[in-house]
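Student: my questions are about this predicted structure, shown below with the sequence.
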Amino acid sequence: MASVWEYANPKKFIDTTDRLLPWVAALAVVALVGGLIWGFFFTPEDFRQGSTVKIIYLHVPAALMAINAWLMMLAASLIWIVRRHHVSALAARAAAPVGAVMTVIALVTGAIWGQPMWGTWWAWDPRLTSFLILFLFYLGYIALWSAIENDDTAADLTSVLCLVGSVFAILSRYAVNFWNQGLHQGASLSLDKEQNVADVFWYPLVVCMAGFGLLFVALVFLRTQTEIRARRTRALLARERLS
Amino acid sequence: MPELGKYAFEVLSSYAVSLALIVALVAVSVWRARAAKAALDDVEKRIRKDG
């Protein structure tokens, strides 16, 4: 069996993801479109929240991916720090804008959902606040990569920023449990059937979460290929200038 | 179209904003991927030609 470290070779990574990308992208489209149509058109209203419950099919998967994207960046950053594989640093860079967009979707849909349910667009609630800080970390991470010309130095500094920001990625998931206060309710998803959302909402939600997850994987494959090619172009141009 | 009642604006605007952001993210990613591939191909071709 091939070692996972083989994919640290940029050519091997591009060859493999080139083969996988069409399948992952197609599955993402099927799951995302299927899940959203199912949730939007074929699920009932909630007895308390009315039709706003349909926002769950965007809000929860986006929030989940906002946190998971940062955790993926954390894993890739740690690999960079320990093993100095450029592909892992570039994969972390590639994932950041995807995670930032997921965070914006979670924040915006949360505000739109919160207005009729809580009577306000925003509150300095532990989960909302930690999510906003996570978004600011995403912006800082993206800006830091762009601000530093040397790729290795940028990878070093952004990896450290990623480690620090991980505190807020974890806080944004568990803030409700830690502080047990604020407007945001506890986790909507639970292995305890009594606490989990009703099956009629749960099944399409699972499909949407799979769709968001597959979309994230497809975009990270594509964007990492882009970063690898851009880095190779910069290296060739630099070599050409020197010769 | 399902009956969304008094929350139609909230539900529809959530879907509109989210789908617009996702489509924009995918479009920018695909555009950048094509541009990066074309730029690398150009440089490699030029280097091969120049020896």
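Tutor: Thanks, I have the structure now.
Student: what residues does chain A put near chain B?
Tutor: Residues of chain A lying near chain B by CB under 8 Å from any CB of the partner chain: A:36, A:40-41, A:45, A:50-52, A:54-55, A:58-59, A:62, A:97-98, A:101, A:104-105, A:108-109, A:112-113, A:115-116, A:215, A:219, A:222-223, A:225-227, A:229-230, A:232-233, A:236-237, A:240. Bear in mind the C-beta positions are built from the backbone N, C-alpha and C, glycine included.
Student: for the buried ones among the residues you listed, write the corresponding ChimeraX selection.
Tutor: The following ChimeraX line selects those of the residues of chain A next to chain B that are buried, judged by 16 or more other CB atoms under 10 Å in any protein chain shown:
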select /A:36,40,45,50,51,52,54,55,58,59,62,97,98,101,104,105,108,109,112,113,115,215,219,222,223,225,226,227,229,230,232,233,236
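Student: residue contacts, the residue nearest the centre of chain B?
Tutor: With distances taken as CA atoms, centre = their mean, B:Ala27 lies nearest the centre of chain B, 1.8 Å away. By CB atoms under 8 Å, 6 or more residues apart in numbering or on different chains, the contact list for B:Ala27 is empty.
Student: in which helix or strand would I find it?
Tutor: Using DSSP states H and E, B:Ala27 sits within helix B:8-50.
Student: what mean pLDDT does that helix get?
Tutor: Averaged across helix B:8-50, pLDDT comes to 96.
Student: which bits of chain B sit near chain A?
Tutor: Residues of chain B lying near chain A (CB under 8 Å from any CB): B:2-8, B:10-11, B:13-15, B:17-18, B:21-22, B:25-26, B:29-30, B:32-33, B:36-37, B:39-40, B:43-44, B:47.
Student: out of those residues, which are buried?
Tutor: Burial by neighbour count, judged by 16+ other CB under 10 Å, picks out B:4, B:7, B:10-11, B:14-15, B:17-18, B:21-22, B:25-26, B:29, B:32-33, B:36-37, B:39-40, B:43 from the residues of chain B next to chain A.
Student: can you pull out the helices in chain A?
Tutor: Residue ranges of the helices in chain A, as given by DSSP state H, are A:10-41, A:56-83, A:86-118, A:126-147, A:151-179, A:199-242.
Student: also compute the angle for the fifth one relative to helix A:86-118, please.
Tutor: Spelled out, that is helix A:151-179. Inter-element angle recorded for helix A:151-179 and helix A:86-118: 30 degrees (by axes from the mean of the first three to the mean of the last three CA atoms, to 10 degrees).
Student: list the buried residues in helix A:151-179.
Tutor: For helix A:151-179, by 16+ other CB under 10 Å, it's A:151, A:154-159, A:161-162, A:165-166, A:168-173, A:175-176.
Student: quick one: list the elements packing against the worst-scoring helix or strand of chain A on mean pLDDT.
Tutor: One helix or strand of chain A scores below all others by mean pLDDT, DSSP states H and E: helix A:151-179, with a mean of 86. Contact here means 3 or more CB pairs under 8 Å, 6 or more residues apart in numbering or on different chains; DSSP states H and E; on that basis helix A:151-179 packs against helix A:56-83, helix A:86-118, helix A:126-147.
Student: tabulate these (JSON lines), appending mean pLDDT and distance to A:Asn9.
Tutor: Shown next, in JSON lines, are the helices and strands packed on helix A:151-179 (pLDDT from 0 to 100; distance: least, CB to CB, whole Å):
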{"stretch": "helix A:56-83", "mean pLDDT": "96", "distance to A:Asn9": "13"}
{"stretch": "helix A:86-118", "mean pLDDT": "96", "distance to A:Asn9": "8"}
{"stretch": "helix A:126-147", "mean pLDDT": "94", "distance to A:Asn9": "22"}
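Student: quick one: which of those is nearest A:Pro10?
Tutor: For the helices and strands packed on helix A:151-179, the distance to A:Pro10 is smallest for helix A:86-118, at 5.7 Å, taking CB to CB.
Student: what's the angle between the closest one and helix B:8-50?
Tutor: On the basis of the same axes, to 10 degrees, helix A:86-118 is oriented at 170 degrees to helix B:8-50.
Student: now for helix A:86-118, which elements pack on it?
Tutor: So helix A:86-118, by 3+ CB pairs under 8 Å, 6+ apart, packs with helix A:10-41, helix A:56-83, helix A:126-147, helix A:151-179, helix A:199-242, helix B:8-50.
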